[in-house]
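**Student:** Quick one, structure for this:
(chains A, B, C and D)
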Protein chains: 2
Amino acid sequence: MSDDDSAVARERIIESLEQSAEVYGLSRSAGRIYGVLYFAAAPLSIPELVEETGYAKSTVSNVTRTLSRIGLIHRRSSEGGGRRVRFEAEREVWFILQDVFQQYIQREIQTTLRTVRRAEEQLPADAREQERVRNLRETYEDLQEIVQLTSEYSAGELREALENYER
Amino acid sequence: MSDDDSAVARERIIESLEQSAEVYGLSRSAGRIYGVLYFAAAPLSIPELVEETGYAKSTVSNVTRTLSRIGLIHRRSSEGGGRRVRFEAEREVWFILQDVFQQYIQREIQTTLRTVRRAEEQLPADAREQERVRNLRETYEDLQEIVQLTSEYSAGELREALENYER
DNA sequence: TGGTTTGTTCGGAATGAGCCGAACAAACGA
DNA sequence: TCGTTTGTTCGGCTCATTCCGAACAAACCA
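**Tutor:** Model prediction:
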C-alpha cells in the first residue's frame, strides 16, 4: 500500500518532469531519465536505467550524455568494482538553473550584444535606425548584468534581494 | 553608401534575431519577421512583409498570428482606409520577456508546483522520498516568488535591486 | 455587378528530432 | 583464452515542424 502510494507519487512527479523537459527544449526521455535518477536510492548504470525506463540502451546512452553535458546529472565512474558507469542526478535544482543561465542564456545574450554593438558603431550617425539600435543595446546590457548577478546568488538570496528592494 | 551601411547593419541584427528566435523555441521566419517589423518606419501589412522577407503569404499569415499571440508584435487594424491589417513590433524587449515569464515560465512552475505538493501530501510520512520531494517543493516555491517579483520590475530596477543587495 | 486586393485555411513536400535495433569496441570473469 | 557484460556508434524508421502553393472567403473599387 504505502509502497504503492510512493510509486504513484513518484510517477506523477516524473511525468511532470517529462513535461518540463519539453518546455525547456529537452526530450521527454531526458525528463524521465532525470526523474528516475532523482529518486534513485543510489547512482544507476545504463542497464539499470533501461530496466527502469523501458527505453532502448542506445537512447539511454545518448540521453545520459547530453544530460551530463548540461549538468543535470553526473557521471560517477569507477564506483567500487567493475567499469560500470553510474549516473546520479544533480538534485540542487537551483544549480541546474544557474548552469543553464550561464551556458545558454548568458551566451545567447553576449553574442547578440556583440552583434548589436558592432552594428551600432557601423551605423551612420544620422541613420533612422540609431535610436532603435541603441535601445536594443541598452536593454541587452541590463539583461547581461542581471543574468550575471543572478548566477551568483542562491535562490533564497535572490528572493530576498527582490523582496527587500525599495523602488 | 550610408544607406548601404544601414542596410548591412540592419541585416546583421535581423540574422541575430533569427538565431535568437530558434534559441527561444520559435522558427527562423518568426525571428526575421519580427526583425523587419522592428526596423520598419511604419506598421507593415502582410503583402509588404511578403515583399520584405521573401516568405510565402501563408507563412507570413501564420507567423504573424503566433507572434501576435505571444505579444512580440501587435495588430494595428483599421488604420486609415482599407481593411489592411498592419503589424507593429513591440520594441520594449523587457515587456516581451516579462510576458514570456508570465505566460510560460510562471505557468510551468505553477503546474509543477501543484503536482509536487499533491505528491508530497500523498506520500507516506516515513517514505524515502519525503526529503527529496520537500526539497523540490521548496525550490519551486522560491522560483515562483522570484519569477513573480521579476515580472513586476523594469529591467533597470531589477538590475539595481541585485546590485544593491548585501548578503 | 465583376474584378482586384487582402487575409486565412488546407494539403503536401522537405527537413529535422527522437527513438530503436544491430553492429561494434572495450573491459571484465571463468 | 573465450564468452559475457557494458557502453558507444551507426543507419533507419516515424512523427512533428516549417514552409510552400493553391483554394477559398471577405472586403474593396470600377
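
**Student:** what's the burial count for the residue lying closest to A:S45 once chain neighbours are set aside?
**Tutor:** Spatially, and ignoring its direct neighbours in sequence, A:S45 is nearest to A:R84 (4.5 Å; CB to CB, 6 or more residues apart in numbering or on different chains). To be clear about C-beta, it is placed using only N, CA and C from the backbone, and glycine gets the same treatment. Counted with other CB atoms under 10 Å in any protein chain shown, the neighbours of A:R84 add up to 16.

**Student:** any idea how far B:A56 is from the residue positioned nearest the centre of chain A?
**Tutor:** Nearest to the geometric centre of chain A sits A:V100, at 4.2 Å (CA atoms, centre = their mean). Per CB to CB, to the nearest Å, A:V100 is found 35 Å from B:A56.

**Student:** Same question for A:Q19.
**Tutor:** Using CB to CB, A:Q19 is found at 33 Å from B:A56.

**Student:** A:D99 now?
**Tutor:** From A:D99 across to B:A56, the span is 40 Å (CB to CB).

**Student:** the more surrounded of the two?
**Tutor:** Legend: neighbour count by other CB under 10 Å for A:D99 and B:A56, higher for A:D99 (15 against 11).

**Student:** And the pLDDT at A:E138?
**Tutor:** Here the pLDDT value assigned to A:E138 is 96.

**Student:** Flag every buried residue along the helix or strand that contains it.
**Tutor:** Here A:E138 sits within helix A:130-150, counting by DSSP states H and E. Within helix A:130-150, the residues that count as buried by 16 or more other CB atoms under 10 Å in any protein chain shown are A:132-133, A:136-137, A:139-147, A:149-150.

**Student:** and the helix or strand just after it, anywhere near chain B?
**Tutor:** Using DSSP H and E, the helix or strand that follows helix A:130-150 towards the C-terminus is helix A:155-164. Yes - applying CB under 8 Å from any CB of the partner chain, one finds helix A:155-164 touching chain B at A:155-164.

**Student:** Ok, stretch A:62-70 next?
**Tutor:** No - applying CB under 8 Å from any CB, one finds stretch A:62-70 separated from chain B by no less than 14.5 Å.

**Student:** contacts for that stretch?
**Tutor:** A:26-27, A:29-30, A:33-34, A:46, A:49, A:55, A:73-75, A:87, A:96, A:99-100, A:103 (CB atoms under 8 Å, 6 or more residues apart in numbering or on different chains).

**Student:** That one: how far from the chain's middle?
**Tutor:** Relative to the centre of its chain, stretch A:62-70 is centred 11 Å away, using CA atoms, centre = their mean, to the nearest Å.

**Student:** ok, and for that stretch, which residues are buried?
**Tutor:** Across stretch A:62-70, burial judged by 16+ other CB under 10 Å covers A:63-64, A:67, A:70.

**Student:** and the residues you listed as a markdown table, adding secondary structure and pLDDT?
**Tutor:** Formatted as a markdown table, the buried residues of stretch A:62-70 follow (DSSP: H, G, I helix; E, B strand; the rest coil; pLDDT from 0 to 100):
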| residue | secondary structure | pLDDT |
| --- | --- | --- |
| A:V63 | helix | 98 |
| A:T64 | helix | 98 |
| A:L67 | helix | 97 |
| A:I70 | helix | 93 |
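
**Student:** Can you give the distance of stretch A:24-33 from its chain's centre?
**Tutor:** What separates the centre of stretch A:24-33 from the centre of its chain is 11 Å, taken as CA atoms, centre = their mean.

**Student:** list the buried ones in it?
**Tutor:** Across stretch A:24-33, burial judged by 16+ other CB under 10 Å covers A:24, A:26, A:29-33.

**Student:** mind listing which of these are in helices?
**Tutor:** Using DSSP state H, the subset of the buried residues of stretch A:24-33 located in helices is A:29-33.

**Student:** that older thread, between the buried residues of stretch A:24-33, which is nearest chain B?
**Tutor:** Closest approach between these and chain B, by CB to the nearest CB: A:Y24, at 8.4 Å.

**Student:** ok now do that closest one, which residues does it touch?
**Tutor:** Contacts of A:Y24 by CB under 8 Å, 6+ apart are A:V100.

**Student:** How about the contacts made by A:Y34?
**Tutor:** With CB under 8 Å, 6+ apart, A:Y34 has these contacts: A:17, A:21, A:67, A:72-73, A:89.

**Student:** could I get those residues as CSV with secondary structure and distance to DNA strand D?
**Tutor:** Below are the contacts of A:Y34 laid out as CSV (DSSP: H, G, I helix; E, B strand; the rest coil; distance: CB to the nearest atom of the strand, whole Å):
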residue, secondary structure, distance to DNA strand D
A:L17, helix, 19
A:A21, helix, 14
A:L67, helix, 11
A:L72, coil, 16
A:I73, strand, 12
A:A89, strand, 16
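
**Student:** Quick check: of those, which lies closest to A:R117?
**Tutor:** Of all these, A:R117 sits closest to A:L72, with 33.0 Å by CB to CB.

**Student:** can you give me phi and psi for the residue lying farthest from the centre of chain A?
**Tutor:** The C-alpha centroid of chain A is most remote from A:D126, which lies 42.7 Å away (CA atoms, centre = their mean). Backbone torsions for A:D126, taken as degrees, to the nearest 10, come to phi -100, psi 10.
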